[in-house]
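In: sequence below, structure please.
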Amino acid sequence: MGNPRPLLTLFIALGILALLAAIALPNFICEPCTSPKNACINNLRQIDAAIQRWALENNKTNWDAPTLPDLKKYLSLSGYEVPKCPAGGKYKLGRVIDPPTCSYPGHVLH
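Out: I've put the predicted structure just below:
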């Protein structure tokens, strides 16, 4: 009979690889789910910043409400056009004091 040490070393190496795969695999599976959400939340941040600039430059109060065409100038200053939700949601603007919202579930600016 041969030396069992190389076989034992192989099993230990495979066990370590399996453990590492078990740790890393959920992150790779979940990444496509969170990427559009993160992009949408970033868009909402850009829209909110444009709303604040619009209100400041046009002497608006917290109760005034802009439209997306009003914000186009302020979005293009930062290199953005009027953004679209990557998951297909629609953006809704409210008053200056209210954050913009997305109709897609879970896409919320906190």
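
In: average pLDDT for the helix or strand harbouring residue 50?
Out: Using DSSP states H and E, the element containing residue 50 is helix 5-57. Averaged across helix 5-57, pLDDT comes to 84.

In: would you agree residue 83 is in contact with residue 72?
Out: No - Residue 83 sits out of contact with residue 72 when judged by CB atoms under 8 Å, with a separation of 10.8 Å. Any C-beta I mention is one placed from the backbone N, CA and C, and that applies to glycine too.

In: those two: which has the busier surroundings?
Out: Shown here are residue 83 and residue 72; by other CB atoms under 10 Å, residue 83 has more neighbours (17 against 14).

In: what about the more buried one, which SS state?
Out: Secondary structure, DSSP: H, G, I helix; E, B strand; the rest coil: residue 83 is coil.

In: measure it to residue 44 for me?
Out: Per CB to CB, to the nearest Å, residue 83 is found 9 Å from residue 44.

In: anything in contact with each of these two?
Out: Overlap of the contact sets of residue 83 and residue 44 (by CB atoms under 8 Å, 6 or more residues apart in numbering) consists of residue 91.

In: show me what the helix holding residue 50 is packed up against.
Out: Helix 5-57 sits against helix 68-77, strand 91-92, strand 101-102, with contacts defined as 3 or more CB pairs under 8 Å, 6 or more residues apart in numbering; DSSP states H and E.

In: minimum distance to residue 14: which of these has it?
Out: strand 101-102 (44.9 Å; CB to CB).

In: other SSEs contacting that closest one?
Out: Packed against strand 101-102 by the contact rule (3+ CB pairs under 8 Å, 6+ apart) you find helix 5-57, strand 91-92.
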